[in-house]
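> Give me coordinates for this.
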Amino acid sequence: MASVSILDPKLKETSFRVPDLYVGRLHLTDFRSYAHVTLEPEAGSVVLTGPNGAGKTNILEALSFLSPGRGLRGCKLSDVSRLEQERTNWAVAARLETPDGTINLGTGLVDVEASENNRNNGQNSGQKDKRVVRIDGENGSSPAVFGDILQVAWLTPQMDRLFIEAPSGRRRFLDRIVANFHSCHMREVNAYERVMRERNRLLADGIDAGDPNWLDALEGRMAEHGVAVAAARLDALERLAAAIEESTSCFPRALLAVDGLLEEGLTRGPALAVEDDFRRILKVNRIQDSRSGRSSAGPHKTDLLVTHKDKVMAAGLCSTGEQKALLIGITLASARITATAFGAAPILLLDEVVAHLDSARRTSLFDELAALGSQVWLTGTDRILFEELGDRVAYYRVENNHVMQE
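This is a model prediction of the structure:
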């Protein structure tokens with residue numbers, strides 16, 4: 001497929017606030033349905049319209065890889081590769097405009113075949129299913145470094161069930177919000193999970209097979225990283241609660257809380273005491289965890305609890321429309337805090353968000369986005385849903401994985 005280059009001069013006249021930080025150029029290579037595609041928006045926001053399956057969400061997913069983690073779909077990295085190619089490698093490159101100048105970002109899946117050949121030749125050049133990161137042509141240590149440069153937040157149709165499905169999805173949602181205020185948060189989360197997996201492997205061989213001193217050391221590290229994760233979550237929730245309370249939008253206000261062992265401990269005592277308690281719990285649980293093959297306690301079990309404040313009703317019991325509205329309100333509040341704490345508003349990716357909003361909430365959403373100072377990328381099947389925005393955004397039509405300026 002030929003490369004498509006898009007530049008919209010109308011964005012200079014947009015009534016959206018000019019973002020302090022925005023993607024000025026995005027190029028995809030062998031990503032999902034695109035062999036090559038290049039988008040070159042200016043500072044303003046973007047609306048992508050087209051039928052289902054046209055490739056709109058793939059563009060948002062590519063942007064979501066400019067952050068730590070596995071993108072807005074949370075899939076295996078090899079699954080992102082274009083189906084028509086033999087190899088599983090793919091790449092996303094972006095030119096990021098910031099108050100301090102231009103930064104060129106790149107990420108993708110390493111060439112598995114080349115990595116295998118290099119390993120056979122004695123070279124340590126990578127491993128399967130591992131993302132590479134480049135910043136201005138230099139290799140980055142991990143995708144976590146993107147969090148020091150920009151913040152990306154998203155809402156997708158799959159998240160509409162966030163409040164009624166397993167706690168893991170709510171926990172990931174919470175941790176992405178926390179990372180907006182604590183740039184090292186995902187490093188702590190990842191460090192905790194690495195040590196936990198190592199402990200699980202040792203215990204899988206039997207409680208008597210592992211070195212007790214090594215288990216003590218691993219559990220000590222789990223306690224340190226785990227308490228850091230829990231403390232950051234509590235701090236972020238406090239900030240977020242204040243931002244939600246101050247909101248004047250028509251989206252319902254949410255009451256937020258966390259249900260977690262370490263988070264609860266930190267509300268009652270100092271961090272060092274919580275670390276000591278967690279180490280003791282891990283030691284007591286060794287036999288149980290050895291049998292189950294997993295760690296039964298820790299911040300990896302924490303749940304985010306959300307309540308519709310005005311109705312005094314758990315979010316999971318609210319209607320589908322109310323749940324979506326709660327989710328939008330939380331995301332907008334988080335973006336406002338990020339703009340202050342991080343120094344620039346996050347790039348927002350809103351996939352099919354307006355489809356089921358009534359006219360009042362659509363107007364409120366558009367007004368808040370216009371005032372926020374974010375570069376916003378929105379998708380929808382029908383252009384008419386965005387007519388209220390007028391010339392405040394650039395419109396592109398996506399059909400059969402071709403992108404055309406409207």
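
> The protein - how does it break down into domains?
Recorded structural domains for the chain (assignment: automatic domain parsing) are 1-150+344-406, 168-341.

> how about those in a markdown table, adding mean neighbour count?
No exception for glycine: its C-beta is placed from N, CA and C like everyone else's. Shown next, in a markdown table, are the domains of the chain (neighbours: other Cβ atoms under 10 Å):
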| stretch | mean neighbour count |
| --- | --- |
| domain 1-150+344-406 | 18 |
| domain 168-341 | 18 |
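
> In a markdown table, list the ones you listed along with distance to Thr156.
Listed next are those as a markdown table, based on distance: least, Cβ to Cβ, whole Å:
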| stretch | distance to Thr156 |
| --- | --- |
| domain 1-150+344-406 | 5 |
| domain 168-341 | 10 |
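
> Quick one: distance of the helix or strand hosting Arg201 to the chain centre.
According to DSSP states H and E, Arg201 maps onto helix 185-204. Computed by Cα atoms, centre = their mean, to the nearest Å, the chain-centroid distance of helix 185-204 equals 20 Å.

> CA atoms only for it - export them in CSV, please.
In CSV, the C-alpha atoms belonging to helix 185-204 read as follows (Å, rounded to 0.1, in the frame of the first residue of the first chain):
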residue,chain,number,x,y,z
HIS,A,185,5.3,4.4,38.7
MET,A,186,5.2,1.9,35.9
ARG,A,187,8.9,1.1,36.6
GLU,A,188,7.9,0.2,40.1
VAL,A,189,5.0,-1.9,38.9
ASN,A,190,7.1,-3.7,36.4
ALA,A,191,9.9,-4.3,39.0
TYR,A,192,7.4,-5.7,41.5
GLU,A,193,6.0,-8.0,38.9
ARG,A,194,9.4,-9.3,37.8
VAL,A,195,10.4,-10.1,41.4
MET,A,196,7.1,-11.7,42.0
ARG,A,197,7.5,-14.0,39.0
GLU,A,198,10.9,-15.0,40.2
ARG,A,199,9.5,-15.9,43.6
ASN,A,200,6.7,-17.9,42.0
ARG,A,201,9.2,-19.9,39.9
LEU,A,202,11.2,-20.7,43.0
LEU,A,203,8.1,-21.8,45.0
ALA,A,204,6.9,-23.9,42.0
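
> and that helix, what does it pack onto?
For helix 185-204, the helices and strands in contact under the criterion 3 or more Cβ pairs under 8 Å, 6 or more residues apart in numbering; DSSP states H and E are helix 167-181, helix 212-246, helix 286-292.

> between the ones you listed, which one is nearest to Leu304?
helix 167-181 (4.0 Å; Cβ to Cβ).

> Export the domains of the chain as JSON lines, with columns for distance to Asp160 and mean pLDDT.
Shown next, in JSON lines, are the domains of the chain (distance: least, Cβ to Cβ, whole Å; pLDDT from 0 to 100):
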{"stretch": "domain 1-150+344-406", "distance to Asp160": "9", "mean pLDDT": "83"}
{"stretch": "domain 168-341", "distance to Asp160": "6", "mean pLDDT": "94"}
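
> So for Met159, which of those sits nearest?
domain 168-341 (6.3 Å).

> Regarding the closest one, how distant is the last residue from the first?
Using Cα to Cα, to the nearest Å, the end-to-end distance of domain 168-341 comes to 26 Å.

> Please apply the same query to stretch 145-156.
24 Å.

> Give me the contacts around it.
Applying Cβ atoms under 8 Å, 6 or more residues apart in numbering, the contact partners of stretch 145-156 are 21, 57, 60, 63-64, 66-68, 72-73, 96, 98, 103, 105, 107, 133, 135, 140, 176-177, 179-180, 183, 186, 327-328, 331, 334-335, 338, 342, 344, 346-353.

> Identify whichever of the helices and strands packed on helix 185-204 lies nearest to Val312.
helix 212-246 (15.3 Å).

> What are the contacting residues of the helix holding Arg201?
Counting by Cβ under 8 Å, 6+ apart, 68-69, 142, 144, 147, 175, 178-179, 209-211, 214-215, 218-219, 221-222, 225-226, 228-229, 232, 282, 286, 289-290, 293-295, 298-300 sit against helix 185-204.

> Give me the subset of the contacts of stretch 145-156 lying in helices.
Within those, residues falling in helices by DSSP state H are 57, 60, 63-64, 176-177, 179-180, 186, 327-328, 331, 334-335, 338.

> from those, which is closest to Val47?
Nearest to Val47 among the ones in helices among the contacts of stretch 145-156, with distances taken as Cβ to Cβ, is Leu60, at 11.7 Å.

> That closest one contacts Leu378, correct?
No. With contacts counted by Cβ atoms under 8 Å, Leu60 stays clear of Leu378, the gap being 9.0 Å.

> correct me, but Leu39 touches Gly55?
No. Using Cβ under 8 Å, Leu39 is not in contact with Gly55, being 11.8 Å away.

> what residues do these two have in common as contacts?
With Cβ under 8 Å, 6+ apart, Leu39 and Gly55 have common neighbours Val403.

> quick revisit: any idea which of the helices and strands packed on helix 185-204 gets closest to Thr29?
Here helix 167-181 is closest among the helices and strands packed on helix 185-204 (Cβ to Cβ), at 25.7 Å.

> what residues does the closest one touch?
For helix 167-181, the external contacting residues (Cβ under 8 Å, 6+ apart) are 67-69, 74, 147, 151, 153, 159, 161-163, 185-186, 189, 229, 232-233, 235-237, 239-240, 258, 300-304, 306, 330, 334, 337-338, 341-342, 346.

> next one: stretch 271-279
216, 219-220, 222-224, 226-227, 230-231, 261-262, 265-266, 297-298.
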